[in-house]
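Student: Need a 3D model of the sequence below.
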Amino acid sequence: MRKLLSCVLMMTLLLAGCGGQQSESDSPEQLAAKIRGEYLSLSGWTGQVEVTAHYDQQVYQFTLDAAWSREGETVLTVTAPELLAGVTARIQAGEGRLEYDGAGLSIGALDDQGLTPIAAVPALMDQLGAGYIARSAWQEGEEGRQLYLQCRDPERAEGEGTQYELWLDPDTHALEQAEVSVDGTTRLSLVFSDFTMELTSNETGDDADLGGDPSGSSGT
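Tutor: Numbering: from 1, shown residues only. Predicted structure coming up:
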């Protein structure tokens, strides 16, 4: 009887150990591939973005209301600081040119390709949809585990040129944070909130939101 109990206990421990192992479908590489497919299916997203731009000795901070659209017009409106509140940047899909309502945010480019803090928002979408993912991994953040992605030019080594780092919620797949570095120096930090994604109707049949509750009010 004692020997039988020992065998049962050993089998229980072995099964518990097997159940705790991460399956292949839960790997960061698998999730990154799935998320890429979802972002390619987005018709758009809305949210707020807190932006910190580093220019050598100068640091600029502002908050945006963002409404990104794959086929239409992406609209980015400054809500803070008060001095710049209401300044709106617009970019038409496929044109790659920013137009401003009111005074522009002329604080200079981040890299030799002319990337600006405002243009970085749609640039992040380009990286999620088609950029080269050099690394994917789990990372522990203040809000728990996040999926970390590093996107960069595949012909350059890590730390060379413009590099994008993104952190996403592994459950809702919403973008939570991002950083843009140039030649190894962080130039831009972005924190996203109330991130609500919409799939194209031909993918879902009902314009369903991603990462939200059944009422359609999703976010992080």
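Student: Strands of this protein, start to end?
Tutor: 42-55, 58-69, 73-80, 88-92, 98-101, 133-141, 144-152, 162-168, 175-182, 185-199, 209-210 (DSSP state E).
Student: how about the second one: buried residues?
Tutor: Neighbour counts over strand 58-69 (16 or more other C-beta atoms under 10 Å) mark Tyr60, Phe62, Thr63, Leu64, Ala66, Ala67, Trp68, Ser69 as buried. Where C-beta positions appear, they are placed from N, C-alpha and C, glycine not excepted.
Student: same deal with the third one?
Tutor: Buried residues in strand 73-80, counted by 16+ other C-beta under 10 Å: Thr74, Val75, Leu76, Thr77, Val78.
Student: And these, which is closest to Glu143?
Tutor: Of all the buried residues of strand 73-80, Glu143 sits closest to Leu76, with 24.2 Å by C-beta to C-beta.
Student: Could you give the number of residues near the nearest residue to that closest one once chain neighbours are set aside?
Tutor: Leaving out its chain neighbours, the residue that sits closest to Leu76 by C-beta to C-beta, 6 or more residues apart in numbering is Ala89, at 4.5 Å. By other C-beta atoms under 10 Å, 24 other residues sit near Ala89.
Student: Just grab the bridge partners of Ala89 for me.
Tutor: Here Ala89 sits in beta bridges with Leu76, Tyr100, going by DSSP bridges.
Student: With Pro117 as the reference, measure out to it.
Tutor: To Pro117, Ala89 is 10 Å away according to C-beta to C-beta, to the nearest Å.
Student: Brilliant, that's me finished.
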